[in-house]
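Enquirer: Structure of the sequence below:
(chains A and B)
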Amino acid sequence: MELDELYREAILDHARHPRNFGDLEGCDRSAAAKNVSCGDAVRLSLRISRENRIEEIRFCGSGCAISTASASLLTLAVRGKSVEEALQLVESVQRLLTGASAPQDKLSGDLAALAGVRRFPQRVSCAMLSWHALEDALRTGETNSA
Amino acid sequence: MRPAEELRTDFPALSQTAHGHPLAYLDNAATTQKPKAVLDTVRSFYEKDCANVHRGLYDLSVRATEAFESSRRRVADFIGAASPEEIVFTRGTTEAINLLAATASRSLLQRGDGVLLTEMEHHANLVPWQMLGSLGIRLSFLPVEDEQGTIDWNRIEEIAKKHRVRLLAFTHVSNSLGKVNPAAEICARARSLGLLTLVDAAQSAGHQRLSVREIGCDFLAFSGHKMCAPTGIGILYGRQELLSSLPPYQTGGEMIAEVRLDQSSWKAPPHRFEAGTPNIGGAIGLRAAIDYLQTVGLDMVEKHTSSLAAYAASGLASIPGIRILGPRDHRAGIVSFVLEGVHAHDLVAFLDQEGLALRAGDHCNQPLLRKFGLAATARASFYLYNLREEVDRLVEAVEKTRRYFAG
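Expert: Numbers count the residues shown, from 1 in each chain, chains lettered A, B, ... in the order given. Just a heads-up that it's a prediction; the model follows:
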């Protein structure tokens, strides 16, 4: 079935058992994103180290399997990355999902499972929801500890 | 009624396949497909009779004007209006309600007056009224008491007195629950309290017989595209003396009596509310849609769609983890449901792969879904051309999706 390409095993696994789900107490930054067309909502909370690295990140919200899995994968992918590296990753994910980069420019690790979304343009906004929130948190998110 | 298998052949769009399966179009509450008779009529208008209306003295314009105004007469007849002057052409239900809200706020409604709605209104019968808040016009709501769509209409009197309600605006058929509200009883009650009434007939027009005389409403709105007509055409019905008391909505050509540089005067309704070149082709398509539906028989359409919905609700109920919204009996052709552990968007993506076209989302009913603790539901909505076999495919595909996600 065509949809197996979209709902790969890793996606289903992360949708059923989202990692780093919940609110991060004492976070420095947070950002929320909402998909008005479907009501999916996600909120990221992060702790950033003095060296500008993402020390801890959690997400909460409700959404479809694609948006939930994508947010779960995001938390694993950016933990430990510098703010700059994380922003670069947001761009790579966006380019891959929207078809702006070639499909062989694979994302590493479990993130590669998101590549199936590129064949379903109506679901790109689901997959990108948490990445938009991350970008927002990193660029403009409130610095709670400031 | 001709059997649905045969009626389907009148609709060119229904003969296509989707992902290798025959298309089962189950999103009729969003818009319906168009029969060839409507498509041919619209095409023929543009090929043979196209001119602007109400302004040319040449034969072609006379023909276009006659076709346009005869559509108005046909609509008046279709809903039992006293005269064609009671029918204002609009882009659809949304524009009709915006027109009424905007003009009533400058005439029929005073600062401090209330508008009473229900909690099951489509955003189109909620947000235009919210916009009047800045004019001191307040909203109150009849609560929806359960997921079946129960409303205690006895409460109209108490709420109306408390909030100085002047107008009651309610949906005839809920687009997310399939609940049919007893419009005639409600309007009788409202009238006895001196309230004006607006019926949102977007989901009932073209799906059942509709008579403003029997309902006893002051205003009624519907869209053509949910009843076989093209998109971009709909109507606002208003009792003549009420329409006459409303000021213009949009202004410009076509709606004026006399224009001076410093002031103008308006035509009488309905043209007062139809500034600019109207959707002539759309109005003519609407007439053809009414002709088509009356030939099929609206009582039969209603019977067919509500029996499909009942069949779907009972079939879906057998699936573990399913939650079905809407009334247990006397359901219009709409079934909204959620499947435990599977988000509505994932569900309809799987149904799409099986050739089943369903809507998932909040159905422009955010306050109602929020009340039920839901962000989205899947919704199957039926029309005269849908088949029991399509319902069987739906139930089977939902069960298959459940098993897939259960892993």
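
Enquirer: B:L198 - that's part of a strand, no?
Expert: Yes. According to DSSP: H, G, I helix; E, B strand; the rest coil, B:L198 belongs to a strand.

Enquirer: okay, it: pLDDT?
Expert: Here, the pLDDT recorded for B:L198 equals 98.

Enquirer: likewise A:A137?
Expert: Looking at A:A137, its pLDDT reads 94.

Enquirer: pLDDT weak spots in chain A?
Expert: For chain A, the stretches flagged by pLDDT under 70 are A:1, A:103-105, A:141-146.

Enquirer: any chance you could map the strands in it?
Expert: Remark: strands assigned in chain A by DSSP state E are A:29-34, A:41-48, A:54-62.

Enquirer: Now do the buried residues in stretch B:78-86.
Expert: The neighbour-count check on stretch B:78-86 (16 or more other C-beta atoms under 10 Å in any protein chain shown) flags B:78-79, B:81, B:84-86 as buried. Every C-beta, even on glycine, is put in place using the N, C-alpha and C of the backbone.

Enquirer: ok, for A:S70, nearest residue in space, not its chain neighbours?
Expert: Nearest residue to A:S70, sequence neighbours excluded (C-beta to C-beta, 6 or more residues apart in numbering or on different chains): A:A127, at 4.5 Å.

Enquirer: Give me the neighbour count for that neighbour.
Expert: A:A127 has 28 neighbours, counted by other C-beta atoms under 10 Å in any protein chain shown.

Enquirer: how far away is it from A:H17?
Expert: According to C-beta to C-beta, to the nearest Å, A:A127 and A:H17 sit 18 Å apart.

Enquirer: can you give me phi and psi for B:P22?
Expert: B:P22 adopts backbone torsions of phi -60, psi 130, taken as degrees, to the nearest 10.

Enquirer: burial measure for the spatially closest residue to it that is not a sequence neighbour, as a count.
Expert: Nearest residue to B:P22, sequence neighbours excluded (C-beta to C-beta, 6+ apart): B:G355, at 6.0 Å. B:G355 sits with 19 neighbouring residues when counted by other C-beta under 10 Å.

Enquirer: Spit out the contact partners of B:G355.
Expert: B:17-24, B:393 (C-beta atoms under 8 Å, 6 or more residues apart in numbering or on different chains).

Enquirer: Which stretches in the chain count as helices?
Expert: Just so you know, I chose chain A. A:3-6, A:9-16, A:65-78, A:83-97, A:124-139 (DSSP state H).

Enquirer: try again with chain B
Expert: B:4-7, B:36-44, B:59-78, B:93-104, B:127-130, B:156-162, B:183-192, B:212-215, B:240-245, B:280-296, B:298-316, B:344-353, B:366-371, B:388-406.

Enquirer: These: which one's closest to chain A?
Expert: helix B:344-353 (4.0 Å; C-beta to the nearest C-beta).

Enquirer: Most tightly packed of the helices of chain A?
Expert: helix A:65-78 (a mean of 26; mean count of other C-beta atoms under 10 Å in any protein chain shown).

Enquirer: contact partners of stretch A:124-131?
Expert: Stretch A:124-131 is contacted by residues A:33, A:35, A:37-38, A:40, A:42, A:44, A:59, A:63-64, A:66-67, A:70-71, A:74, A:90, A:93-94, A:97-98, A:114, A:117-118, B:345 when judged by C-beta under 8 Å, 6+ apart.
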